[in-house]
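Chemist: I would like the atomic coordinates for the input below:
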Amino acid sequence: MSVSTKLTKGALFCAVLLMFVIPLARAADEDDRMAGTMPRSKPASHPEEVTDMPAETGPEKQPQVIPANFSRIESSGVLTNPKEGALGIDMWQGSTRPFVLSLLPEMPVSPGYRTIHDLVRRALLTKADTALLKDGDDIEPGHDLLTLRIEKLTDIGDFAQAVALYTQNNETPYHERLARAGVLARLYDGETALACLETKSTGTNFKDVPFWQQMTGICDYLLSKLDGEKKTAKLNIVPDSKILQQFLASKNSTYTLSSAQDLNSLSLFEVAVLAADHRLTYDGLNNTDLHGIAPPMLSLLLHDSAMPRGIKFRMMVAAVDQGLRSAADLKAFYEEAFNAKTKDGKIPAYETVDGWQRLAWLSHFAYTDKNRPVKAEEVFQKALPLEKEYGVAALFPFAMPLAKNIDAVSFDGESLKTGLKLMVLNQIEVPEDWVKALPQGVPDNKNDVLLRLAVALNSGNKWENVLPPFEDVDNLIEGLPEAQSQIIKMLYKKLDRSEKLHNSTDSGAYEKLPDLTFGDGYVMPSVGLMDSLDKALTGKRLGEVILLSSIALHGAAPDKIYAGLLREVVNGFETVGLTKEARELSNEVVLGLGK
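Modeler: Next up, the predicted model:
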């Protein structure tokens, strides 16, 4: 959800009022990873991702730790019902605490696949019994699974979910690290007023910790501007940030973003503060590819109410493409843009709408027939060709009404293929008439083979009615790189007549693919990682399979993934009951090969 960072007098009044309700006696302990004046840095194993500011190296006074019921705290979760995505109270059955704790820091900021991002999010949010973890009696304060899960949700850009998990704990945070994780999640989620309220109510307990000193100073500065004062901040508030020193010491200066690379030199903390103070401008991003922005930074920027709507559209599409935002979020954005154009009650003719605003117009009438000036099928006939301009993710809000209300006979050629891709990528069962609309016979190009394979993987469709026998399409994939052709062969082999992906092959489960000679850039997982994944799926340890898969697939784009790795991950998902997710991941890879 998007919350404006603009601080109002009403927000301040509520904050002051609530400060008398929220307990002030919050104490905690400081540890090495969270030490310093700014949010922690990310692991050095992923140097290409956004880092937060370096920690101050000086010693800090250690606040006391409040006694805590770790079993209750760690078992907190937002997801409890499988229908909502919960993965089960026994998710950690058979796993050991030290191994799970070792995996969490290694999980990538950018999983690379929407399916993996969603699974990781669900695993971190699931209410699970951590008493089932082996070797779990000795818990180091600040390294509990509630704190680490909140931090990881923040790392991957799911700030709202991190806040939701943090607020599951109704008691005073037992540790400084837990309190800090909650404040940062609120700040990055655009809840500046609540982040400052939390800081005011806890900062006195941690006054010797530089992070809380700086947060207190920054909040004092932001809140002081409520009365219209153009006040400058004291330079000693943020001694580790030259950027914040420079801009907060000036009353009117702004930081202009001109490329995605500009953000690589800024931390999440710096950008959050600059956005809260409305010091960012986006004019330089008009012609920049926004997919280069790291997921957490992208998610943070989307909360800036000062962002021009055209830039926000492109960021929203990039966020949907990476799994940071849903089709419903993009639909809500389109509806907001449509309403902004029709404030006077007059609906503009489609021909008068320019650029991406056409998608907002079409999205509105894809869901309602009230005052719709064209036939329903015409809405989609206009929308689907826009994939060439804005990418398939920009059309995700159209997938559900398309499958539900529109017959395939309304489309042919590229629009038919776009419609099929939309349904498959949004995990919507392809209607029978859409399957039958596929041209009969053997496809004449690689991309059509890939699309048919994706439709065949889509649950509910008889693969033999969609996908020609492999021997009939083998010649079409001969020109592909060896690793990509191996992926197609593997998925063909794994489809069976019961419409399921199965784990066994002609040579037995987990058969190793023959040695292949790959070019530069192919992602080959370490032997140790693959061995751990194999042991996790053999032991049916659901949580481990998800965490290990996210690490193994990091950086493995569809055209660079090792086929043996994909098969091992798909096997793992099937083994622990994630059949639907196995299909979804396979489809992401298959359709990604066609780009």
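Chemist: can you confirm Ala193 is in a helix?
Modeler: Yes: for Ala193, which was evaluated using DSSP: H, G, I helix; E, B strand; the rest coil, the result is membership in a helix.
Chemist: look up how far Leu223 lies from it.
Modeler: Note on Ala193: its distance to Leu223, by Cβ to Cβ, to the nearest Å, is 8 Å. From N, CA and C alone the C-beta is placed, and that goes for glycine too.
Chemist: now Glu432
Modeler: When Glu432 is compared with Leu223 (using Cβ to Cβ), they lie 60 Å apart.
Chemist: between those two, which is the more surrounded one?
Modeler: Between Glu432 and Leu223, counted using other Cβ atoms under 10 Å, Leu223 has the larger neighbour count: 19 against 13.
Chemist: can you verify my assumption that the more buried one contacts Cys196?
Modeler: Yes: the criterion here is Cβ atoms under 8 Å, and Leu223 meets it with Cys196 at 6.3 Å.
Chemist: how about low-confidence regions in the chain?
Modeler: Applying pLDDT under 70 to the chain flags residues 1-65, 136, 225-236, 459-465, 495-525, 595.
Chemist: secondary structure element for the most centrally placed residue in the chain?
Modeler: Centroid-nearest residue in the chain: Leu324, 3.3 Å away (criterion: Cα atoms, centre = their mean). Remark: Leu324 resides in no helix or strand, with elements defined by DSSP states H and E.
Chemist: surely it meets Ser299?
Modeler: Yes: the criterion here is Cβ under 8 Å, and Leu324 meets it with Ser299 at 5.1 Å.
Chemist: overlap in contacts, the two.
Modeler: 157-158 (Cβ atoms under 8 Å, 6 or more residues apart in numbering).
Chemist: in stretch 381-388, what counts as buried?
Modeler: Going by neighbour count (16 or more other Cβ atoms under 10 Å), the buried part of stretch 381-388 is 381-384, 386-387.
Chemist: same question, stretch 553-561
Modeler: By neighbour count, with 16+ other Cβ under 10 Å as the criterion, the buried positions of stretch 553-561 are 553-554, 556-561.
Chemist: about what we covered before: tell me the two of the buried residues of stretch 381-388 that are most distant?
Modeler: The most widely separated members of these are Gln381 and Glu387, with 12.7 Å between them, by Cβ to Cβ.
Chemist: quick one, helices of the stretch 351-500 of the chain?
Modeler: In chain order, the stretch 351-500 of the chain shows helices spanning 357-366, 376-383, 387-390, 399-405, 413-425, 432-436, 446-457, 470-473, 482-494, with DSSP state H, counting those that start in this stretch as the criterion.
Chemist: please, which helix or strand holds the residue nearest to Leu263 when sequence neighbours are not counted?
Modeler: In space, not counting the residues next to it along the chain, Leu263 is nearest to Met297; the distance is 5.3 Å by Cβ to Cβ, 6 or more residues apart in numbering. Following DSSP H and E, the helix or strand that holds Met297 is helix 295-301.
Chemist: by contact count, what packs against that helix?
Modeler: Where contact means 3 or more Cβ pairs under 8 Å, 6 or more residues apart in numbering; DSSP states H and E, helix 295-301 is packed against helix 176-188, helix 268-276, helix 309-321.
Chemist: winner for burial among those?
Modeler: A comparison of those by mean neighbour count, using mean count of other Cβ atoms under 10 Å, puts helix 176-188 on top with a mean of 27.
Chemist: using PDB, write out the CA atom coordinates for that helix.
Modeler: Presented in PDB, the C-alpha positions along helix 176-188 are these (Å, rounded to 0.1, in the frame of the first residue of the first chain):
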ATOM      1  CA  GLU A 176      17.100  -2.800  20.200                       C
ATOM      2  CA  ARG A 177      17.600  -4.700  16.900                       C
ATOM      3  CA  LEU A 178      13.900  -5.700  16.800                       C
ATOM      4  CA  ALA A 179      12.800  -2.100  17.500                       C
ATOM      5  CA  ARG A 180      15.200  -0.700  14.800                       C
ATOM      6  CA  ALA A 181      13.800  -3.200  12.200                       C
ATOM      7  CA  GLY A 182      10.300  -2.000  12.900                       C
ATOM      8  CA  VAL A 183      11.200   1.700  12.700                       C
ATOM      9  CA  LEU A 184      13.100   1.200   9.400                       C
ATOM     10  CA  ALA A 185      10.300  -0.800   7.900                       C
ATOM     11  CA  ARG A 186       7.900   2.000   8.700                       C
ATOM     12  CA  LEU A 187      10.200   4.700   7.300                       C
ATOM     13  CA  TYR A 188      10.800   2.800   4.100                       C
END
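Chemist: show me how far it is from its chain's centre.
Modeler: Averaging C-alpha coordinates over helix 176-188 and over its chain gives two centres that are 19 Å apart (Cα atoms, centre = their mean, to the nearest Å).
Chemist: returning to that earlier point: need the helices and strands packed on helix 295-301 in TSV (columns: distance to Asn426).
Modeler: Written out in TSV, the entries for these read as follows (distance: least, Cβ to Cβ, whole Å):
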stretch	distance to Asn426
helix 176-188	27
helix 268-276	29
helix 309-321	10
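Chemist: out of those helices, nearest to Tyr113?
Modeler: Between Tyr113 and the helices and strands packed on helix 295-301, the shortest gap by Cβ to Cβ is with helix 309-321, which sits at 10.7 Å.
Chemist: list the contacts of the closest one.
Modeler: Outside helix 309-321, the residues that reach it (Cβ under 8 Å, 6+ apart) are 114, 282, 285-286, 290-291, 293, 295, 298-299, 301-302, 307, 325-327, 329-330, 333, 337, 340, 355-356, 390-391, 393-394, 396.
Chemist: what do you get for stretch 332-349?
Modeler: 309, 312-313, 316, 353, 357, 359-361, 363-364, 371, 373, 397.
Chemist: try stretch 388-407
Modeler: With Cβ under 8 Å, 6+ apart as the contact definition, stretch 388-407 has outside contacts at 317-318, 320-321, 327-328, 330-331, 334, 356, 359, 362-363, 366-367, 376-377, 380, 383-384, 386-387, 418-419, 421-423, 425-426, 428-431, 433-434.
Chemist: so the closest residue to Leu274 other than its chain neighbours bridges to which residues?
Modeler: Take Leu274 and drop its neighbours on the chain: the residue closest to it by Cβ to Cβ, 6+ apart is Leu280, 5.2 Å away. Per DSSP bridges, residues listed as beta-bridge partners of Leu280: Tyr255.
Chemist: what about Leu280, neighbour count?
Modeler: Taking other Cβ under 10 Å as the criterion, the count of residues near Leu280 is 19.
Chemist: and if you look at the one 4 residues further on?
Modeler: Using other Cβ under 10 Å, Gly284 has 13 neighbouring residues.
Chemist: if we ignore the residues flanking it in sequence, what's nearest it?
Modeler: Using Cβ to Cβ, 6+ apart and skipping residues adjacent in sequence, the residue nearest Gly284 is Ser258, 3.0 Å away.
Chemist: the one you found against Thr288, yeah?
Modeler: Yes: under the criterion of Cβ under 8 Å, Ser258 lies in contact with Thr288, with a separation of 7.5 Å.
Chemist: tell me which of these two has more neighbours.
Modeler: Between Ser258 and Thr288, counted using other Cβ under 10 Å, the more crowded position is Thr288 (18 against 14).
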